[in-house]
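Colleague: Only the shape, not the letters, is given here:
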């Protein structure tokens with residue numbers, strides 16, 4: 001299928017227009033980077049906290065975002081986790097643990113904040129939230145009250161402590177595994193294999209809260225810095241591998257032209273990230289690597305046609321052969337880019353906040369990548385051979 005037949009656009013004759021457009025986009029990116037304080041790195045690179053929260057009912061994400069936001073950092077990034085009816089969300093906070101803070105102290109802070117926002121209508125009577133309680137809290141409570149009457153059996157304090165610590169582990173195993181981290185009612189703890197007296201005792205000191213923090217992970221600044229270094233290295237290695245491959249398949253100048261076009265695509269995409277201040281995360285790095293592969297594949301298609309035409313049209317100038325090759329592959333370029341653009345743009349519109357950066361990078365990258373393949377890569381090859389020349393055209397590809 002061909003969208004364009006016998007097109008004869010003088011692409012190389014418009015190179016100064018293309019250079020002007022690229023220079024303007026570079027300038028916008030550089031100015032944005034300087035005036036907006038650089039790129040907006042996510043917690044993957046700066047460090048922060050990842051929290052998994054399960055709710056009894058579908059949570060109000062706006063209320064959750066408002067509750068967890070901090071004036072000193074970017075708004076929390078919230079996404080649904082698992083099946084929709086799991087009511088589980090993943091929250092990414094650009095907040096590092098400081099001073100003497102620990103994972104447990106951060107957990108307590110989050111439980112307190114979320115309890116005020118999502119449990120304000122519940123009369124707890126000063127009872128502890130079982131869904132966010134630890135093994136020590138449950139074991140100490142039960143050992144003090146001794147609902148199974150071990151003291152009446154003349155058991156020692158050490159025996160009581162060991163017995164109820166084991167029981168606390170059993171209860172938490174039921175909560176975390178059988179109830180998926182959240183019990184709807186303390187009455188269901190009878191299914192954990194404990195006595196009715198234990199369930200009744202727990203009902204006096206605990207309540208089943210409307211949410212549970214299932215997991216909390218902290219990424220330190222050092223780890224984030226290392227991830228940033230590795231991400232940069234991954235992109236540079238991809239560039240190098242492409243350069244070697246194209247130089248081997250064609251000629252070194254073709255590899256240089258393709259890498260220049262790739263650098264152009266990635267730099268402008270990052271410049272637009274600086275302009276919009278969208279978050280740079282590991283998913284965005286994945287999008288950039290995808291863009292590198294997509295863009296160089298498009299360039300190789302044109303260069304391959306150039307090589308074929310050089311063998312068939314020995315008397316034509318390289319300028320005309322490059323123009324002809326671009327026109328001959330134009331339908332393929334437009335169709336491939338068009339269908340891919342529709343897919344990633346749909347993802348950008350409807351994919352949600354978490355995939356926004358990933359789809360934004362691909363949407364911009366596909367447009368810029370298709371443009372650079374036509375407007376830049378071929379003009380660099382033509383400039384090189386016009387400036388330095390070759391004695392025979394057989395050696396140009």
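Modeller: Cool, the structure landed. The structure presented is a predicted model; accordingly, all values stated were derived computationally and were not measured.
Colleague: Average pLDDT for stretch 269-284, rounded please.
Modeller: Here stretch 269-284 scores 87 as its mean pLDDT.
Colleague: for stretch 13-32, same thing?
Modeller: Rounded mean pLDDT across stretch 13-32 is 91.
Colleague: Would you mark the buried spots in the helix or strand where residue 264 lies?
Modeller: If you go by DSSP states H and E, residue 264 is part of helix 252-276. Within helix 252-276, the residues scored as buried using 16 or more other Cβ atoms under 10 Å are 253-259, 261-262, 264-274. The C-beta positions use only the backbone N, C-alpha and C, and glycine is treated the same way.
Colleague: Check which helices and strands it sits against.
Modeller: helix 15-35, helix 221-249, helix 282-312, helix 356-372, helix 378-388 (3 or more Cβ pairs under 8 Å, 6 or more residues apart in numbering; DSSP states H and E).
Colleague: Mind pulling up the pLDDT for residue 210?
Modeller: So residue 210 comes in at 90 (pLDDT).
Colleague: Likewise for residue 119?
Modeller: 72.
Colleague: In contact with it, which residues?
Modeller: Listed by Cβ atoms under 8 Å, 6 or more residues apart in numbering, the contact partners of residue 119 are 129, 209-211.
Colleague: With residue 151 instead?
Modeller: Counting by Cβ under 8 Å, 6+ apart, residue 151 has contacts residue 160.
Colleague: Return the distance of it relative to residue 107.
Modeller: Remark: distance between residue 151 and residue 107 (Cβ to Cβ, to the nearest Å) = 33 Å.
Colleague: check which helix or strand covers residue 320.
Modeller: Per DSSP H and E: helix 318-328 holds residue 320.
Colleague: Flag the shaky bits of the stretch 51-200 of the chain, pLDDT-wise.
Modeller: 72-74, 95-102, 120-124 (pLDDT under 70).
Colleague: which residues of it fall in helices?
Modeller: In the stretch 51-200 of the chain, the segments counted as helices under DSSP state H, counting those that start in this stretch are 61-68, 103-118, 135-145, 157-173, 196-205.
Colleague: who does the shortest one touch, helix- and strand-wise?
Modeller: Read it as helix 61-68. If you count contacts as 3+ Cβ pairs under 8 Å, 6+ apart, helix 61-68 packs onto strand 77-81, strand 88-93, helix 103-118.
Colleague: Nearest to the spatial middle of the chain, which residue is it?
Modeller: By Cα atoms, centre = their mean, the chain has its centre lying nearest to residue 283, at 3.0 Å.
Colleague: out of everything not next to it in sequence, what's closest to that one?
Modeller: Closest residue to residue 283 in three dimensions, ignoring its sequence neighbours and counting by Cβ to Cβ, 6 or more residues apart in numbering: residue 358, at 4.3 Å.
Colleague: give me the number of residues near the one you found?
Modeller: Neighbours of residue 358 under the rule other Cβ atoms under 10 Å: 22.
Colleague: what residues are up against it?
Modeller: 281, 283-284, 286-287, 347, 351.
Colleague: That one and residue 32: what is the separation?
Modeller: Taking Cβ to Cβ, one finds residue 358 at 20 Å from residue 32.
Colleague: circling back to that earlier point, and the contacts of residue 358, which of them are buried?
Modeller: Using 16+ other Cβ under 10 Å, the buried members of the contacts of residue 358 are 281, 283-284, 287, 347.
Colleague: so can I have JSON lines of those showing distance to residue 318?
Modeller: Listed next are these as JSON lines, based on distance: Cβ to Cβ, whole Å:
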{"residue": "281", "distance to residue 318": "43"}
{"residue": "283", "distance to residue 318": "41"}
{"residue": "284", "distance to residue 318": "38"}
{"residue": "287", "distance to residue 318": "35"}
{"residue": "347", "distance to residue 318": "40"}
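Colleague: Including distance to residue 60, could the contacts of residue 358 go into a markdown table?
Modeller: Listed next are the contacts of residue 358 as a markdown table, based on distance: Cβ to Cβ, whole Å:
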| residue | distance to residue 60 |
| --- | --- |
| 281 | 25 |
| 283 | 25 |
| 284 | 28 |
| 286 | 31 |
| 287 | 30 |
| 347 | 25 |
| 351 | 21 |
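Colleague: what's the closest of these to residue 386?
Modeller: Closest approach to residue 386 among the contacts of residue 358 (Cβ to Cβ): residue 287, at 35.7 Å.
Colleague: For the closest residue to the closest one other than its chain neighbours, give me its contacts.
Modeller: If the residues on either side of it in the chain are set aside, residue 287 comes closest to residue 361, at 3.7 Å by Cβ to Cβ, 6+ apart. Residues near residue 361 by Cβ under 8 Å, 6+ apart: 269, 273, 284, 287-288, 291.
Colleague: Using a markdown table, please lay out these together with distance to residue 82.
Modeller: Converted to a markdown table, the contacts of residue 361 look like this (distance: Cβ to Cβ, whole Å):
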| residue | distance to residue 82 |
| --- | --- |
| 269 | 31 |
| 273 | 29 |
| 284 | 23 |
| 287 | 24 |
| 288 | 28 |
| 291 | 29 |
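Colleague: which two from those residues end up farthest apart in space?
Modeller: Top of the distance list for those (Cβ to Cβ): 273 and 291, 12.3 Å.
Colleague: ok so, going back, wait, which of the helices of the stretch 51-200 of the chain is closest to residue 334?
Modeller: That would be helix 61-68 among these, by Cβ to Cβ, at 39.1 Å.
Colleague: what sits up against that closest one?
Modeller: By Cβ under 8 Å, 6+ apart, helix 61-68 touches 53, 75-76, 78, 89, 91, 93, 110, 113-114, 116-118.
Colleague: PyMOL command to pick out the buried ones of those?
Modeller: If you want just the buried ones from these in PyMOL, going by 16+ other Cβ under 10 Å, the selection is:
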select buried, resi 53+76+78+89+91+93+110+114+117+118
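Colleague: That'll do, ta.
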